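Undergrad: Sequence first, predicted coordinates after that:
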Amino acid sequence: MTEYAGQSGVLEGENPVPPTVGMEFETYEDVYYFYNCYAKVHGFGVRVSNTWYRKSRERYRGKLSCSSAGFKKKSEANRPRPETRTGCPAMIKFRLMENKRWRIIEVELEHNHLIHPLTEKFYKSHRNNSSGSKRPLQMTGNQENQKIRLFRTVIIDPDDDGKLNIDEGEFRNMIDQSNNHLILKPGDAQAILSFFTDLQLVNPDFFYVMDLNEKGCLRNVFWAEAKCKAAYGYFGDVVRIDTACLISKYEVPLVVFAGVNHHGQSVPLGCGLVAGETVESFIWLLRAWLTYMVSRPPQTIIIDQSRSMQTAIADVLPRASHCISLSHITKKVPEELGGLHAYEVIKKAFTKAIYQSSRIDDFETAWEDMMLCHGIRDHKWLQTLHENRKHWVPVYLKDTFLAGMFGVTLREREVSSPFDEYLSNHTPLKEFLDGYNPCLKEIYQREALADSESRNPSCMLKSRFYFEMQLSKIYTNHIFAKFQIEIEGMFSCLSTRQVGIDGSIITYIVKEREVENMNEAKDYEVTFNTDVADVLCGCGLFNLEGFLCRHTLCVLSQNGFKEIPPQYILSRWRKDIDRSYVLDYGCNFIDTKNPVHRYDNLYKCAVKLVEEGRKSHERYKFTLEALGEILNRVSLQDHNTL
């Protein structure tokens, strides 16, 4: 049992999710109202195509269509009205089930004509009173929003003989081996249900939603804790969608939304189980996640090399910059290129083109040389990579903020799933669900420990630049240690010379000695706006990592700056900001100054008290009296304080 699509289990006003097979409603009118709200948001009208009745005049089946469905009958009038319908296929079918609820059994979302929300005023179905619904449709923002409860998403658990055990007899059949449902072992469905029920008991803001196929089989699942949404508020600028479990055929088909915190640690922002690597499953999962995040899309999304996921991202998050995981690509090099002649030489040329190209022209030249020298221009995988080069080659991503999650050098490891350490190929689903909470606790305790260590920094300064002293007081130990590499790199910069001036914008060339060959040097162009203290380097490190590079620091120093301008000190790296999402410190580590900590701890204690009090009538009476006494004493305490 689940209440679908919303923390409170209701849809309010404009529907955040499209109609889906398996949704259930209390009444026929609720179905109409839901579909009409969806239509209003997307800019099309609704009409009742058909309604089926039993001999008792009871409705048992219905079909709602786009108002452009079908075609009008030919008129013999002298001046017939022009045809406005297009034979649009968009519709939903629904029927009355044995549990007396109406279930959507078929959905078609695609239209064969243009739709736009601005056309909503032209459709009769969007007026206050609709012919398909006896209830008034409250569409204005000033009126109280209608609420629709969507109950009873069916969960299917295979018996030992492989047959389905479903609450609706008409759906009993064999599971087909396709990407249209999750492959569950006996007991897995009950484990999922128990997992969700237990998390909701201790966390009322826990969110989950399920997707069913046309036979009522569980197809996709998404869930997230309140901490995920809160963490997204701080670290949701760059999100990694990890599908390694699908690519490597893990027993648990897990998809993880992850961010990177102020210590460079991977933190969960939501999880899902999907039936397969299909565009439909990924679109559903992205919409579920975005609904929970209150439709606030991230700035950048990093995904694995997957055409299906790329298509889904373009559909659901068209404005976000999407990048293809560089580590995922490099891991596939032996598999894709290992059979080629002179593989080691090709691999070296491939790596050099990616990591040592400081300009786009450098990369294109190096790539073309590799193609010509080794005769691999027709290699399909390399062709695909080159077509998508703007999404994974670091030199193309200098204008994309990546918060250190991409791994732009050979030394750096790309941030991936926070559950990597806790999940292997053969981990059963039940075992993963049982270990989920301990995993989360360890993840958050690791962050708490890093917080504590950053409050008492032990990093030694490596220069006399005040830049270093400044950030040692502001940034966490992990980020500051990475910044110190740039401070040390300033000593490798041989010269900083001015080469041009255009009003307030000055152009510099910073010459840096090469690390691998100390006898060679590379030039980096840095522009500096003296009016607003904006500085931009061709190496693009600020967008890639989130702090200034050695070349910009040299220019600032030459212009008399002792401190880094405030616009280049990102709050996501600071150690002095109290994060409100948090951390399961345990009873001995509650921050009593933090209202979120106080609430979480008191709520857990209250839940335990309720569980004990419900066990008998005597316990219930005693607990109720004790709670009343506590409430009076708390109120009295507030009065005395005032």
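TA: Structure's in. What do you need? Computed from a predicted structure; not experimentally measured. Numbers count the residues shown, from 1 in each chain.

Undergrad: Helices of the stretch 101-250 of the chain, residue ranges please.
TA: 188-202, 226-235, 244-247 (DSSP state H, counting those that start in this stretch).

Undergrad: Out of those helices, which gets nearest to residue 433?
TA: Distances from residue 433 to each of those were compared using C-beta to C-beta; the minimum, 4.5 Å, belongs to helix 188-202. C-beta coordinates here come from the backbone N, C-alpha and C atoms, glycine included.

Undergrad: got the CA positions of that closest one in PDB?
TA: Output of helix 188-202 as PDB, limited to C-alpha atoms (Å, rounded to 0.1, in the frame of the first residue of the first chain):
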ATOM      1  CA  ASP A 188      11.500  -9.300  -1.900                       C
ATOM      2  CA  ALA A 189       8.200  -7.500  -2.300                       C
ATOM      3  CA  GLN A 190       7.400  -7.900   1.400                       C
ATOM      4  CA  ALA A 191      11.000  -6.700   2.200                       C
ATOM      5  CA  ILE A 192      10.400  -3.600   0.100                       C
ATOM      6  CA  LEU A 193       7.100  -2.900   1.800                       C
ATOM      7  CA  SER A 194       8.500  -3.500   5.300                       C
ATOM      8  CA  PHE A 195      11.500  -1.300   4.400                       C
ATOM      9  CA  PHE A 196       9.200   1.600   3.400                       C
ATOM     10  CA  THR A 197       6.900   1.200   6.300                       C
ATOM     11  CA  ASP A 198       9.700   1.200   8.900                       C
ATOM     12  CA  LEU A 199      11.300   4.300   7.400                       C
ATOM     13  CA  GLN A 200       8.000   6.100   7.400                       C
ATOM     14  CA  LEU A 201       7.400   5.200  11.000                       C
ATOM     15  CA  VAL A 202      10.600   6.900  12.200                       C
END
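
Undergrad: Quick check: buried residues in that helix?
TA: With burial defined by 16 or more other C-beta atoms under 10 Å, the residues of helix 188-202 counted as buried are 188, 189, 191, 192, 195, 196, 199, 200.

Undergrad: ok so, going back, and of the helices of the stretch 101-250 of the chain, who's closest to residue 558?
TA: In terms of C-beta to C-beta, the element of the helices of the stretch 101-250 of the chain nearest to residue 558 is helix 226-235, at 34.2 Å.

Undergrad: So which residues make contact with the closest one?
TA: Outside helix 226-235, the residues within contact range by C-beta atoms under 8 Å, 6 or more residues apart in numbering are 203, 205-206, 257, 259-262, 267-270, 292-294, 296, 403, 444, 572, 579-582, 596.

Undergrad: just stretch 87-101 next, same as before
TA: Under C-beta under 8 Å, 6+ apart, the answer for stretch 87-101 is 19, 24-26, 31, 35, 44, 49, 58-66, 68-71, 102-113, 151-152, 167-169.

Undergrad: Pull out the buried residues from those.
TA: Neighbour counting with 16+ other C-beta under 10 Å marks 19, 24-25, 31, 35, 44, 61-66, 68-69, 102-105, 107, 111, 151-152 as buried within the contacts of stretch 87-101.

Undergrad: which residues in the stretch 351-500 of the chain form helices?
TA: Chain-ordered helices for the stretch 351-500 of the chain, with DSSP H, counting those that start in this stretch as the definition, fall at 360-374, 380-387, 429-455, 466-472, 477-489.

Undergrad: now residue 42: how far from residue 97?
TA: Between residue 42 and residue 97 the distance is 27 Å, computed by C-beta to C-beta, to the nearest Å.

Undergrad: likewise residue 571?
TA: Going from residue 571 to residue 97 by C-beta to C-beta gives 51 Å.

Undergrad: Same drill for these two, tell me which one is more crowded.
TA: Neighbours per residue (other C-beta atoms under 10 Å) separate residue 571 from residue 97, with residue 97 holding more: 17 against 10.

Undergrad: check contacts around the most centrally placed residue in the chain.
TA: Per C-alpha atoms, centre = their mean, the C-alpha nearest to the average position across the chain is that of residue 257, at 4.7 Å. When contacts are counted by C-beta under 8 Å, 6+ apart, residue 257 touches 224, 228, 239, 240, 241, 268, 269, 270, 271, 272, 289.
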